[in-house]
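> give me coordinates for this.
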Amino acid sequence: MSISGSDVSSFDRLHREVQRWIREQGWSGLREIQDRSIGTILGTEADVVIMAGTASGKTEAAFLPLLTKAAEAGPGGLRVLYVSPLKALINDQHRRLQTLCDRMDMPLTRWHGDAPQAAKTRLLRQPNGVALITPESIEALLLRRPADAARLFRGMQAIVIDELHAFLQGPRGLHLASLLRRLDGLASARPRRIGLSATLGDADMARRWINTPRPDAVVVLQAASGGPGIRLQIRGYEEPPEASRIDDLAEEGSQDGLSQIADHLFANLRGSNNLVFGGSRRTVEALADRLRQRCERDAVPEEFFPHHGSLSRDLRETLELRLKASDLPTTAVATTTLELGIDLGSVKSVAQIGAPRSLAGLKQRLGRSGRRGDPAVMRIYVREERLEPDTDPLDRLRLDTVRAVACIRLLQENWVEPAAEDASLATVALHQTLSHISSQGGISPAGLHRALFGRDSYLAMRGGDLADLLRGAAREGVDLLEQSPDGLIMLGPAGERLVEGREFYAVFSSDEEWRLVNGGRTLGTLPITNVLGVGSLVGFAGRRWRVETVDDRAKVLDVVVHRSGKLPRFDRPANEPLHDRVVAMMREVLGDDDAPAYLDPTARGFLSQGRASFAALGLERKTMVPSGRDTLVLTWRGSAVNGVFAILLTGAGLEAAVHDAGVTVLDIDPAELRRVLQSVDVCPSAEDLSAFVGNLRSAKYDDFIEEALLRRLWAARNHHVIDDVSALLRTIAGSP
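Take a look at the predicted model:
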């Protein structure tokens, strides 16, 4: 095979068996990102972040040079550790790398709960080659087999972190950062880290996560943009007046918006492989049911199947394998479960029900289409209510359609949200405290702080906060920890029981939903991401409810029906927050007059209606408009600022609900609300506002942490938001 141009030096530097494997694949040359990665990994010792789209060759960009270096080092140790957030992705990468590793006579071992035990036993007995593992399995090794782990990880040269963006926020990211630091201590020399990601909103944060003490030393390689492009359409559907619930199961012949969307999907997706992202499990099931009905009606084979976390593993894997095989036309209707980079073969198109709420998710989904040199195809289906004389002003703005257009603009700018500071620090700190003690024995408080929060640690917690965490975990009735007479922190009786369970390996909760209770009767469950306190409002089952009490430990909201009765559409809970820039772009879209070609006639009409309402309401200069007995406050800020602003209003004795463009304040007119806000001379501090926050316990082990510490950590995370809320308060109090 002939490798020409800039590929020559990179190809020639690879191990001869790697070169032979490349020829056998029939490659005409190395891709640009592979060429640059090979040169960087073989020519330096730097940590590297490789950013490239799905199916762009990221895996080979990392492994071709890493396996070359592993072969040069010779046998006698585990050389490369690949870490993935998903077992399915590990299985997929195992299939992808198997022939290459076989050719190099280098063992390739899957290590997760469902992987064959015999291969794991061989690897522990004789460490060698490459291991593919989840963070939870690393935790299990360090916890249950510390001596074996020390021997296994001693000779590591590199750690590959796939889907890096998935680890930049959330408890799993903090957990893995802590685990990798522990692995550094076991290796003969710190293994270099190679991060792989299709979407990164903040390369600087990725650098800090990869190498906290020396982020400037991390090399970021990004694939050149270009390719066959994107085919995009936003389709609008107006709900008929009789459709009081738009995402319940419906009988054949129903003409609600979701049924009309099912008609379009059925007509355009049959006969090919596609992905449809439905958002909630309820919408996924409702849409899959409608599509099944259409298959039965036309007596054609069923091609549409649901995919979400509540389904059994067998059902999910059967659907994934059917997509990958590509021998039967298949469309998966999924929540976010198919968003990460499992290779699903050639997917013709991607559809999304509802406007995107994040650019990271939109780009990840879009990357599932457009393989084999074809353009990516994305359809966004937006549903809006029919406008009536008494329609709420916020609904008149057609914010779902506006948000879809705003996200496409930001996509064209190649912008992605940066990762937000995470609320699970205390949970991860407690989890890693228990793990350290269980695997290594007792430790002093100062030694524990160095082990978890030293200067080279991505996790940061003050010594005083850690002391409070330890005291809380040792208090009577909790008994996770105890202190020996010589001052060492040890596991208490409850701590020993906790770490013995298999569920301890994972630091994330699988069920983040809250239960709504009214008069002792459970109404159902829903995800809550907005900050809530007593007096906050939530929407559920077509009604508006006022929060009476918040039980963080049991994840229960005791609610009563609010007298305003019927729930406006905006008040439906959303389980993904909006970034400031997305909402600012929505306001920009409303103030413009362009008509994007990717809008169908109905969606174009929605956008025109929203802009007309924006002008008629005077929102170019106004921040408050009346809505019946309530007042809409249009902040045009993201979920974080709106959530804290709503808490400020609650603390002032008002009832408020967060929506996508600001906050609704109940039973008050704009003039009276302005007087109330003008009476607030100074915005309360984050510490003062934390007293009104009710849903502090969101992470897995927060139940074991004292409330005062959780409130203090909430305040620390939200100090920067207070500055924004203070500015917002001044603007609204002085605005017309």
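> now the host helix or strand of Val402 - C-alpha only, CSV.
With the criterion set as DSSP states H and E, the secondary-structure element containing Val402 is helix 399-412. Coordinates of each C-alpha in helix 399-412 appear next as CSV, following Å, rounded to 0.1, in the frame of the first residue of the first chain:
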residue,chain,number,x,y,z
LEU,A,399,-40.7,29.8,22.5
ASP,A,400,-40.2,26.1,21.4
THR,A,401,-39.9,27.2,17.8
VAL,A,402,-37.8,30.2,18.7
ARG,A,403,-35.5,27.9,20.8
ALA,A,404,-35.1,25.5,17.8
VAL,A,405,-34.0,28.4,15.6
ALA,A,406,-31.7,29.8,18.3
CYS,A,407,-30.0,26.4,18.6
ILE,A,408,-29.4,26.1,14.9
ARG,A,409,-27.8,29.6,14.9
LEU,A,410,-25.5,28.5,17.7
LEU,A,411,-24.7,25.3,15.9
GLN,A,412,-23.7,27.3,12.9
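> contacts for it next, please.
Helix 399-412 is contacted from outside by 232, 234, 236, 354-357, 359, 362-363, 366, 380, 382-384, 570, 578, 581-582, 585-586, 588-590, 596, 598-599, 603, 606-607, 610, 660-661, using C-beta atoms under 8 Å, 6 or more residues apart in numbering. All C-beta atoms are positioned from the backbone trio N, CA, C, and that covers glycine.
> among the residues you listed, which are in strands?
When strands are assigned by DSSP state E, the members of the contacts of helix 399-412 inside them are Leu232, Ile234, Gly236, Ile380, Val382, Arg383, Glu384.
> list the contacts of the third one.
Shown here is Gly236, whose contacts under the criterion C-beta under 8 Å, 6+ apart are Val382, Arg383, Glu384, Thr401, Leu599, Asp600, Thr602, Ala603, Arg604, Gly605, Phe606.
> what's the spacing between it and His165?
Applying C-beta to C-beta, to the nearest Å, the value for Gly236 to His165 is 31 Å.
> now do the strands in the stretch 601-736 of the chain.
When secondary structure is read from DSSP state E, counting those that start in this stretch, the stretch 601-736 of the chain shows strands at 624-627, 630-634, 656-659, 662-665.
> direction included, what does the third one pair against?
Spelled out, that is strand 656-659. strand 662-665 (antiparallel) (DSSP bridges).
> and the strand it pairs with, what's buried?
Within strand 662-665, the residues that qualify as buried by neighbour count (16 or more other C-beta atoms under 10 Å) are Gly662, Val663, Thr664, Val665.
> pipe those residues into JSON lines and attach pLDDT and distance to Gly113 per row.
As requested, those are arranged in JSON lines below (pLDDT from 0 to 100; distance: C-beta to C-beta, whole Å):
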{"residue": "Gly662", "pLDDT": "95", "distance to Gly113": "45"}
{"residue": "Val663", "pLDDT": "94", "distance to Gly113": "44"}
{"residue": "Thr664", "pLDDT": "92", "distance to Gly113": "46"}
{"residue": "Val665", "pLDDT": "92", "distance to Gly113": "49"}
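> nearest to Ala652, of the residues you listed?
Val665 (9.7 Å; C-beta to C-beta).
> list the beta-bridge partners for that closest one.
The bridge-partner assignment for Val665, based on DSSP bridges, gives Thr631, Ala656.
> I'd say it and Thr635 touch.
No - under the criterion of C-beta atoms under 8 Å, Val665 lies out of contact with Thr635, with a separation of 11.6 Å.
> continuing past the helix or strand of the chain with the lowest mean pLDDT, what's the next helix or strand?
When the helices and strands of the chain are scored by mean pLDDT, DSSP states H and E, strand 537-540 comes last with a mean of 68. Past strand 537-540, heading to the C-terminal end, the next element that is a helix or strand (DSSP H and E) is strand 543-551.
> kindly export that following strand (C-alpha atoms) in PDB.
Listed in PDB are the C-alpha atoms of strand 543-551, where the atom choice follows Å, rounded to 0.1, in the frame of the first residue of the first chain:
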ATOM      1  CA  ARG A 543     -52.300  21.300  36.800                       C
ATOM      2  CA  ARG A 544     -50.200  23.800  38.800                       C
ATOM      3  CA  TRP A 545     -49.200  22.800  42.300                       C
ATOM      4  CA  ARG A 546     -47.700  24.800  45.200                       C
ATOM      5  CA  VAL A 547     -44.900  23.100  47.200                       C
ATOM      6  CA  GLU A 548     -45.900  22.900  50.900                       C
ATOM      7  CA  THR A 549     -42.900  20.800  52.200                       C
ATOM      8  CA  VAL A 550     -39.700  19.400  50.700                       C
ATOM      9  CA  ASP A 551     -38.300  16.100  52.000                       C
END
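> neighbours around Arg386, how many?
For Arg386, the neighbour count with other C-beta atoms under 10 Å is 11.
> pop out the phi and psi values for it.
With angles defined as degrees, to the nearest 10, Arg386 sits at phi -70, psi 140.
> what of Thr391?
Geometry field for Thr391 lists phi and psi as phi -60, psi 140, criterion degrees, to the nearest 10.
> what do you get for Thr623?
Thr623 has phi and psi values of phi -110, psi -10 when expressed as degrees, to the nearest 10.
> and it, how many neighbours does it have?
Summarising burial for Thr623: neighbours were counted as other C-beta under 10 Å, giving 20.
> next one: it from Val583, what distance?
Between Thr623 and Val583 the computed distance is 13 Å (C-beta to C-beta).
> what's the answer for Lys58, then?
32 Å.
> same check on Leu480?
In this structure, Leu480 and Val583 are 41 Å apart, going by C-beta to C-beta.
> secondary structure class for Leu221?
In terms of secondary structure, Leu221 is strand; the call rests on DSSP: H, G, I helix; E, B strand; the rest coil.
> ok, now how distant is it from Val160?
Taking C-beta to C-beta as the measure, Leu221 and Val160 are separated by 14 Å.
> these two: which has the busier surroundings?
For Leu221 and Val160, the more surrounded residue by other C-beta under 10 Å is Val160, and the numbers stand at 26 against 19.
> beyond the helix or strand that one falls within, next helix or strand please.
Assigned by DSSP H and E, Val160 belongs to strand 158-161. Sequence order places helix 171-186 as the next helix or strand after strand 158-161, per DSSP H and E.
> the closest residue to Arg398 other than its chain neighbours: how many residues sit nearby?
Across the structure, with C-beta to C-beta, 6 or more residues apart in numbering as the measure, the residue nearest Arg398 apart from its sequence neighbours is Gly610 (3.4 Å). Taking other C-beta under 10 Å as the neighbour definition, Gly610 ends up with a count of 23.
> contacting residues for Gly610?
Gly610 makes contact with Arg396, Leu397, Arg398, Leu399, Thr401, Val402, Leu590, according to C-beta under 8 Å, 6+ apart.
> quick one: contacts for the residue positioned nearest the centre of the chain?
When the chain is reduced to its mean C-alpha position, the closest residue under C-alpha atoms, centre = their mean turns out to be Ala166, at 6.2 Å. By C-beta under 8 Å, 6+ apart, the contact list for Ala166 reads Pro85, Arg172, Gly173, Leu340.
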